[in-house]
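Asker: Generate coordinates for the sequence data below:
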Amino acid sequence: MNRRTAITHVATMLGGAFSAPTLLAMKRWEDRLPSESFPTGFSLTENQKLIVAEVAEAIIPKTATPGAKDVGVPAFIVMMLQDCYKTPEHKSFAEGLIKLEKQQFLSMNADQRNALLVQVEADSVEEMKAYQVQQTKMGDNEDREQMAAQAKGLPFWRLIKELTMLGYFTSEQGIKSSFEYVPIPGKLEMIKMKPNQKSFAY
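Answerer: Numbers count the residues shown, from 1 in each chain. Take a look at the predicted model:
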C-alpha cells in the first residue's frame, strides 16, 4: 500500500476527511519541497517532545498490537510540523503543549492523564467551531494577508490526533497490525471473509 492510498483509509477512520492544513502539509511532503519553502524557527523542547510521545501513545496505546511510540509516531509528528506546516499551526500546537506543561501532564498518573485529554478533546469542539468561523471570515475579507498573519491554526488536539493516526497507519507496523498486508498481491478474486479477519491492504 502506498502512502496516498493509506491516507484515504486513515481519512475514513477519522470520519471522512483530513483538515485542509493537513492535506496541504501532505502535499508539501509528497512534492518534496525544499526546506526554504517552509517557515523557520519552530522547535520543541525535550520536555514537549515527551508530551507529544505520551499523548500519541494515549491516542493509540500498545495492546496486543504496537502502540504509537512503537512505530515512531512521535518523531513523525515533530518532523511533519517542522517541515510541512505553516506558522498558524506552529502557534496553536505550541500553545496546546504549553497548557499541558502548565498542568504537569508528565507528572500525572494514567487516569489523570486520560481525564485531562478527555477534557482537551471536549474543549477542541468549541475551538474547531471558532477556527471554522475564522476561516470563513478570512475567505470573505479583503485584508486576507493581515488576518492570516494573526490567525490561529488548527487546534492542538485535532492536529495531534490527525498526525498520530496518519503516522501510525502509514507505517509498516501500523498497517500490518490492522490489515492483512499483501505487498505483492496475486490475482483479483472474490473471497469470503472469516469472522474477525482483517481487511486486506495492498
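Asker: Am I right that Lys62 is in a helix?
Answerer: No - read with DSSP: H, G, I helix; E, B strand; the rest coil, Lys62 is coil and lies in no helix.
Asker: so where does the residue nearest to it when sequence neighbours are not counted fall, helix or strand?
Answerer: Counting by CB to CB, 6 or more residues apart in numbering, Lys62 lies nearest to Asp70, which is 6.0 Å off, once chain neighbours are set aside. All C-beta atoms are positioned from the backbone trio N, CA, C, and that covers glycine. Element membership of Asp70, judged by DSSP states H and E, is empty: it is in no helix or strand.
Asker: One more: Arg113?
Answerer: helix 110-140.
Asker: Which other helices and strands does that helix contact?
Answerer: With contacts defined as 3 or more CB pairs under 8 Å, 6 or more residues apart in numbering; DSSP states H and E, helix 110-140 has these neighbours: helix 46-59, helix 87-102, helix 144-150, helix 156-169.
Asker: out of the ones you listed, nearest to Phe76?
Answerer: For those, the distance to Phe76 is smallest for helix 156-169, at 3.6 Å, taking CB to CB.
Asker: Under the pLDDT cut-off, which ranges of this protein? List them.
Answerer: 1-40, 133-151, 178-191, 193, 197-202 (pLDDT under 70).
Asker: hmm, back to that, and the residue nearest to Lys62, how far is that from Cys84?
Answerer: 23 Å (CB to CB, to the nearest Å).
Asker: Now do the nearest residue to Ser43 once chain neighbours are set aside against Val120, distance only.
Answerer: Spatial nearest neighbour of Ser43, excluding adjacent residues (CB to CB, 6+ apart): Gln82 at 7.3 Å. Computed as CB to CB, the Gln82 to Val120 distance reads 22 Å.
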